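Visitor: The following block contains a protein sequence and its predicted model.
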Amino acid sequence: MSLISARGLTVRHGAQTVLQNVDFDIDSGEIVTIVGPNGSGKSTLLRALINAAKPSAGSVKHKHGLRIGYVPQKLHVDATLPMTVRRFLDLPRRVSDVEAEAALERTGVPELIKRQLDGLSGGQLQRVLLARALLGAPDILLLDEATQGLDQPGEAAFYRLIEDVRNQMGCAILMVSHELHVVMSASDRVICLNGHVCCEGTPEVVSAAPAYRQLFGTGTGGALALYRHDHDHSHDCAHDHDHHEGHHH
Ligand SMILES: Nc1ncnc2c1ncn2[C@@H]1O[C@H](COP(=O)(O)OP(=O)(O)OP(=O)(O)O)[C@@H](O)[C@H]1O
């Protein structure tokens, strides 16, 4: 069965229906990206899928024993509580030095182990957060706008890292991205959310496009594609689940 499966998922906040009748499945090893405008319910969907937001209707099912790794959008580090990267990796569960080192190695930042958390750059912190999420050997990794605040090369490098992690560890990956123009071509599916599933499909690989080459070079093996989706349309694509053409630039 799917790792996570939702049927008819509806979430209301007071009078506002934030999510309406959403069906969702993700399988082992799949990479799925959720895109959509502000307030379209992306974070709410993620929270509902990990049982952190209560559905008003519909259901969410997890495969038995599912292990979830979560990379938050950002971490609010209390500056009055100094904490090294090594100690942070012990939260919420103590890990051995070997495990801690291996996790940082995997996310490409082994040299940060003794550093203070609040002295890290945005990109370094994301890699530390990812390392921590990987410690529990998750079946699925959820990332909520994990590249916010990174510059474009930093963002591209982070997405390539995510793809490596999937290839090495075999975990499924579910990402929320606010960056409509950049999603992974390695995504098996892109889900476009606007309160409901507006449309979903495979992003086109544009590794041959000049803009792509200029931004990411030719050595990334198609790790990134430029993908743009207009939200100006009426929702006539609601029944067109193969709509994934977008506009390349
Ligand atoms: N706990 C809550 N109480 C009341 N309203 C909420 C709550 N959580 C979310 N909402 C509302 O639900 C809607 C969807 O919010 P959500 O954070 O899921 O959107 P999003 O697509 O992740 O947005 P963004 O791109 O801005 O992060 C918004 O209108 C938000 O104000």
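Guide: That came through fine. Treat the numbers as computed from the prediction; the structure is a model and nothing was measured. Residues are numbered from 1 along each chain as shown.

Visitor: Could you check how far stretch 146-157 is from the centre of its chain?
Guide: Offset of stretch 146-157 from its chain centre (Cα atoms, centre = their mean, to the nearest Å): 13 Å.

Visitor: end-to-end on that stretch?
Guide: Terminal residues of stretch 146-157 are spaced 12 Å apart (Cα to Cα, to the nearest Å).

Visitor: Which residues in that stretch does the neighbour count mark as buried?
Guide: 146-147, 150, 154-157 (16 or more other Cβ atoms under 10 Å). C-beta here means a position set from N, CA and C on the backbone, and glycine is covered the same way.

Visitor: and it with the ligand, contact?
Guide: No - interface with the ligand: stretch 146-157 contributes nothing (Cβ under 6 Å from any ligand atom), its closest point being 9.2 Å away.

Visitor: circling back: from the buried residues of stretch 146-157, which is closest to E99?
Guide: The closest of the buried residues of stretch 146-157 to E99 turns out to be A146 (Cβ to Cβ; 21.6 Å).

Visitor: Quickly find the element holding the closest one.
Guide: In this structure, A146 sits in neither a helix nor a strand according to DSSP states H and E.

Visitor: you'd agree it is up against Y70?
Guide: No - counting by Cβ atoms under 8 Å, A146 does not reach Y70; the two are 10.1 Å apart.

Visitor: quick revisit: so which of the buried residues of stretch 146-157 sit within helices?
Guide: Judged by DSSP state H, these include 154-157 as members of helices.
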